[in-house]
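[1] below are the sequence and a predicted model for it; my questions follow.
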Amino acid sequence: MDDLPSPVSSAEPTTATPAPPGGGEALPPFVLRRPDRQTAPLVFASPHSGADYPTDFLAAARLDPLTLRRSEDSFVDELFAAAPALGAPLIAATFPRVFCDVNREPWELDPAMFEGPLPAWVNTGSPRVGAGLGTIARVVATGEPVYRRKLAFAEAEARIQRYWQPYHDALAGLIAETRARFGCCLLIDCHSMPAHPAQAANPPDFVLGDAHGTACAPRATRFVEEVLTGLGYRVRRNDPYAGGYVTRHYGRPREGVHALQIEVARALYMDEGRIERGPGFPALRRSLTRLIARLAAADWSYLR
């Protein structure tokens, strides 16, 4: 790893990891770390690693902070922190997905969660809403209900306007800037995945989601797969994660914008029960720094 730069751009040092739930003053809705000079048509995003829990949300929740945190993609922004030093911006949400999920449409809401009727234009029938995992989640990853009470629609509206919209405005701006500069953009949307009982015999280390080839050029997906496989990892495509709202919304290959979701197995780098970095964290971050370096050095002209 001596041939690779440190994980953080010298021109724009990383901010501190958000405090544990309920602690301190609220952070801005996202952290954006730009390189000194963008040298590759890449944008990295971590939409689910936020851990800044508003105190009023914690008061309304029926679950303890540790249970709430199990829905996070904890520390993923740190795993991909080398991106700015290697010439690509990295945006990370600071708020948790259980509070407001930016990998959903802005108005995927479960009517059973709210005091009164929702506006007719709200999407109440999506599969995500049915699973309790809409823009405002009804349940956590383990299936337990989040709230003690029903919410007012105004609460959801405020979260979407103050958190969801600023994050997407910034992400869309990064994509537009990158496409204008390079003629194309490859968005890498970074996530983590819990252990899955059905895959216990041979679980993947990474799952690459390109919406079954519709959100990203297959050649780009294949290149990422080959790099990760070359680093010794087990990689699958689109099973069981083919990409969420971000991948499907921004991935428009005909317009020169490609989106690829990367899911990293939490077992590689963290204790899922205690929400702590594990002994494998440094090695995985070194591997992902190598991945970013390979992506930054690649010729992406075929994406235009």
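    Now that the structure is in, tell me what you want to look at.
[2] ok, the nearest residue to residue 148 once chain neighbours are set aside - contacts?
    Closest residue to residue 148 in three dimensions, ignoring its sequence neighbours and counting by C-beta to C-beta, 6 or more residues apart in numbering: residue 62, at 4.5 Å. (Each C-beta comes from the backbone N, C-alpha and C, glycine too.) Applying C-beta atoms under 8 Å, 6 or more residues apart in numbering, one finds that residue 62 lies in contact with 145-148.
[3] where does the stretch 151-300 of the chain have low pLDDT?
    In the predicted model of the stretch 151-300 of the chain, residues 197-200 satisfy pLDDT under 70.
[4] how about residue 117, secondary structure?
    Using DSSP: H, G, I helix; E, B strand; the rest coil, the structure places residue 117 in coil.
[5] ok, it touching residue 152?
    No - contact criterion C-beta atoms under 8 Å: residue 117 and residue 152 do not qualify, at 11.9 Å.
[6] more neighbours: which of these two?
    Neighbour tally, residue 117 and residue 152, criterion other C-beta atoms under 10 Å: the higher count belongs to residue 152, 12 against 9.
[7] list the contacts of that one.
    114-116.
[8] swap in 6 Å and give it another go.
    By C-beta atoms under 6 Å, 6 or more residues apart in numbering, the residues touching residue 152 are residue 115.
[9] may I see the buried residues of stretch 278-294?
    278, 281, 284-294 (16 or more other C-beta atoms under 10 Å).
[10] let's have these in a markdown table, adding secondary structure and distance to residue 33.
    Below are those laid out as a markdown table (DSSP: H, G, I helix; E, B strand; the rest coil; distance: C-beta to C-beta, whole Å):
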| residue | secondary structure | distance to residue 33 |
| --- | --- | --- |
| 278 | coil | 24 |
| 281 | helix | 19 |
| 284 | helix | 19 |
| 285 | helix | 15 |
| 286 | helix | 19 |
| 287 | helix | 20 |
| 288 | helix | 15 |
| 289 | helix | 14 |
| 290 | helix | 19 |
| 291 | helix | 17 |
| 292 | helix | 13 |
| 293 | helix | 17 |
| 294 | helix | 20 |
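[11] next, format those residues as TSV and append distance to residue 87.
    Formatted as TSV, the buried residues of stretch 278-294 follow (distance: C-beta to C-beta, whole Å):
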residue	distance to residue 87
278	29
281	24
284	21
285	18
286	18
287	19
288	15
289	13
290	15
291	14
292	9
293	9
294	12
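[12] how far does stretch 253-268 sit from the chain's center?
    From the chain centre to the centre of stretch 253-268 is a distance of 9 Å (C-alpha atoms, centre = their mean, to the nearest Å).
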